[in-house]
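**Q** this is the structure alone, sequence omitted:
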Ligand code: GLN
């Protein structure tokens with residue numbers, strides 16, 4: 001079964017694409033529809049989990065988009081880099097194969113910050129992408145193309161990757177749902193690695209119900225990725241009656257004041273919230289309280305060190321992961337070179353953008369022999385501290401007796417980014433401020449915890465998003481909370497939006 005796009009949808013998508021440039025490649029002809037051949041998963045039983053007919057109806061026979069660092073057989077796999085501008089993948093990622101097995105069809109690859117490094121999609125070496133709410137603004141990043149395509153109604157859902165916020169932040173900028181699953185809950189097989197210990201494939205979708213259905217289809221242990229795992233016993237079911245998720249739960253709120261206190265005396269003070277984000281956080285708090293949830297204020301002093309720890313670890317891992325792009329194994333080979341080193345240098349110099357070069361330099365610097373203790377190992381100690389801090393609030397692993405502390409709350413509500421979608425002109429956020437702003441998102445990656453961002457309001461014509469973070473493998477409960485919220489406060493759409501596939505998706509619990 002493959003999806004056949006109607007002429008109306010094709011015209012609609014082409015019109016949007018000329019305005020926003022979300023895709024690095026858009027294929028309506030369906031010639032890639034059965035692109036599930038090539039290197040196959042070894043466990044077919046795990047390839048196609050049994051979904052309820054309602055969940056299946058939110059995926060089957062529908063088009064979807066895939067971030068251009070996730071492999072789809074015969075499609076481009078540029079990773080947003082000039083170095084890979086012509087590279088096509090010989091196989092599909094596990095998550096893609098699993099969605100194809102449910103009857104969904106890839107219609108294109110989406111633009112991104114080069115190798116996932118950035119917060120605006122402006123670091124793409126391929127093209128610019130605009131925010132569907134305001135074409136002069138960025139869609140966020142690094143999964144900006146996926147977020148823009150979903151927000152514009154070109155596809156009902158898309159895959160992205162989240163290493164430090166790259167699914168949740170563009171989702172917030174474009175007014176869609178963005179799920180960063182627990183580390184290892186979704187196979188990374190077929191995801192081009194940036195910082196392997198922090199990242200995973202995530203979901204951008206038009207509703208909580210569809211996000212849940214896509215997650216149900218792609219999650220689980222994969223023999224092709226040893227870090228992947230099934231949910232432990234005792235984790236909240238993805239479909240079930242999680243009462244805490246439906247109004248009886250306790251939500252900790254990381255208020256603007258708590259964040260400001262954590263940031264005091266730190267370089268990260270540039271991450272202060274703009275007024276519209278502050279009021280969005282208060283609004284979400286009030287609305288969850290009105291739905292019956294108990295809201296309590298929390299603090300997290302270790303937050304202050306999140307950004308330096310994140311950039312140290314991410315750059316270190318990136319410097320190793322990107323070594324394969326040398327013009328020999330992968331990447332465009334220069335026309336002439338004097339020797340091996342010259343060839344590699346020329347290929348990398350011509351292919352990589354400035355941000356990627358900066359991070360490779362930073363990564364090799366923090367890993368220099370004799371200096372590891374000062375930077376890399378220190379960052380790992382901070383990471384452990386952050387993980388402990390969240391475990392003290394939320395509880396640890398569901399099935400590990402040694403972590404049997406009683407959780408004080410079911411989820412933590414916090415902003416996604418200190419601003420709404422920013423301008424790409426002179427009023428843009430500086431590269432330093434963009435990095436400092438990762439404080440709200442990269443903590444979930446350091447701790448390996450799930451988090452979901454969702455639209456709360458529209459201020460000055462731009463969406464405001466908030467996120468809920470939870471205990472490892474608590475996606476079912478987090479999505480219940482977002483679903484409760486969405487039932488009472490339906491999500492907005494940009495002017496010109498039309499959902500071709502159906503009317504509002506049915507909510508399933
Ligand atoms: N802003 C983060 C960075 O530049 C986002 C990374 C990501 O999640 N891929 O590293």
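**A** Ah, there it is. What you see is a predicted model; the values in this text were computed from it and never measured.
**Q** confidence score at residue 503?
**A** Residue 503 is assigned 45 on the pLDDT scale.
**Q** now swap in residue 29 and tell me
**A** 72.
**Q** can you check residue 142 too?
**A** On the pLDDT scale, residue 142 gets 97.
**Q** that one and residue 80 touch, don't they?
**A** Yes - in this structure residue 142 lies within contact range of residue 80 using C-beta atoms under 8 Å: 7.4 Å. All C-beta spots, glycine's among them, are computed from the backbone N, C-alpha and C.
**Q** now list whatever residues contact both of those two.
**A** Here residue 142 and residue 80 share the contacting residues 112, 113, 116, 121, 123, scored by C-beta atoms under 8 Å, 6 or more residues apart in numbering.
**Q** could you check how many residues crowd around the third one?
**A** Residues lying near residue 116 (other C-beta atoms under 10 Å) number 29.
**Q** what about stretch 75-94, near the ligand?
**A** No - using C-beta under 6 Å from any ligand atom, stretch 75-94 never reaches the ligand; the gap is at least 10.5 Å.
**Q** how about the residues of the chain by the ligand?
**A** Near the ligand, when you scan the chain using C-beta under 6 Å from any ligand atom, you find 116-119, 142, 161-166, 194, 314, 438.
**Q** hmm, 5 Å instead?
**A** 116, 117, 118, 119, 142, 162, 163, 164, 166, 438 (C-beta under 5 Å from any ligand atom).
**Q** so where does the residue lying farthest from the centre of the chain fall, helix or strand?
**A** Most distant residue from the mean C-alpha position of the chain: residue 338, 41.4 Å away (C-alpha atoms, centre = their mean). In the assignment (DSSP states H and E), residue 338 maps to no helix and no strand.
**Q** average pLDDT for stretch 16-25, rounded please.
**A** Stretch 16-25 shows a mean pLDDT of 98.
**Q** list the buried residues for that stretch?
**A** For stretch 16-25, a neighbour-count test (16 or more other C-beta atoms under 10 Å) marks 16, 17, 20, 21, 22, 23, 24, 25 as buried.
**Q** so of the residues you listed, which ones are in strands?
**A** 23, 24, 25 (DSSP state E).
**Q** now do the contacts for the nearest residue in space to the first one that is not next to it in sequence.
**A** Just to be clear, that refers to residue 23. Leaving out its chain neighbours, the residue that sits closest to residue 23 by C-beta to C-beta, 6 or more residues apart in numbering is residue 108, at 4.3 Å. Residues in contact with residue 108 (C-beta under 8 Å, 6+ apart) are 23, 24, 25, 26, 27, 65, 66, 75, 149.
**Q** ok, so of those, who is nearest residue 352?
**A** residue 24 (17.1 Å; C-beta to C-beta).
**Q** ok, the closest one to residue 155 distance?
**A** Distance, residue 24 to residue 155, by C-beta to C-beta, to the nearest Å: 14 Å.
**Q** give me the pLDDT value at the residue farthest from the centre of the chain.
**A** Predicted confidence (pLDDT) for residue 338: 95.
**Q** got the contact list for it?
**A** Residue 338 neighbours (C-beta under 8 Å, 6+ apart): none.
**Q** how close does it get to residue 345?
**A** Applying C-beta to C-beta to residue 338 and residue 345 gives a distance of 10 Å.
**Q** and what of residue 435?
**A** Distance from residue 435 to residue 345, by C-beta to C-beta: 27 Å.
**Q** from the residues of the chain next to the ligand, which is closest to residue 449?
**A** residue 162 (11.5 Å).
**Q** which residues does the closest one form beta bridges with?
**A** residue 200 (DSSP bridges).
**Q** that one is in contact with residue 200, isn't it?
**A** Yes - between residue 162 and residue 200 there is a contact at 6.3 Å, judged by C-beta under 8 Å.
**Q** what is in contact with the two at once?
**A** By C-beta under 8 Å, 6+ apart, the residues touching both residue 162 and residue 200 are residue 180.
**Q** just the strands in the protein please.
**A** If DSSP E is used as the criterion, the strands of the chain fall at 23-26, 63-67, 105-110, 157-162, 177-180, 200-205, 250-253, 294-297, 411-415, 451-459, 462-469.
**Q** what's the most buried one of those strands?
**A** Neighbour counts (mean count of other C-beta atoms under 10 Å) averaged over each of the strands of the chain peak at strand 177-180, with a mean of 32.
**Q** so which elements touch that one?
**A** strand 157-162, helix 168-174, strand 200-205, helix 208-218, helix 439-447, strand 451-459, helix 475-488 (3 or more C-beta pairs under 8 Å, 6 or more residues apart in numbering; DSSP states H and E).
**Q** can I get these in a markdown table including mean pLDDT?
**A** As requested, those are exported to a markdown table (pLDDT from 0 to 100):
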| stretch | mean pLDDT |
| --- | --- |
| strand 157-162 | 98 |
| helix 168-174 | 98 |
| strand 200-205 | 98 |
| helix 208-218 | 98 |
| helix 439-447 | 97 |
| strand 451-459 | 98 |
| helix 475-488 | 97 |
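**Q** which ones are touching residue 288?
**A** Counted by C-beta under 8 Å, 6+ apart, residue 288 has contacts 251, 295, 413, 481, 485.
**Q** lowest mean pLDDT among the helices and strands, pick that one out for the chain.
**A** Least confident helix or strand, the chain: helix 44-47 with a mean of 56, by mean pLDDT, DSSP states H and E.
**Q** okay, now the closest residue to residue 85 other than its chain neighbours: neighbour count?
**A** Spatial nearest neighbour of residue 85, chain neighbours left out: residue 78 (5.6 Å); criterion: C-beta to C-beta, 6+ apart. Using other C-beta under 10 Å, residue 78 has 26 neighbouring residues.
**Q** dihedrals phi and psi, the residue nearest the centre of the chain?
**A** Against the mean C-alpha coordinate of the chain, by C-alpha atoms, centre = their mean, the closest residue is residue 167 at 2.1 Å. Main-chain dihedrals, residue 167, degrees, to the nearest 10: phi -100, psi -50.
**Q** my guess is it contacts residue 143. True?
**A** Yes - using C-beta under 8 Å, residue 167 is in contact with residue 143, at 5.4 Å.
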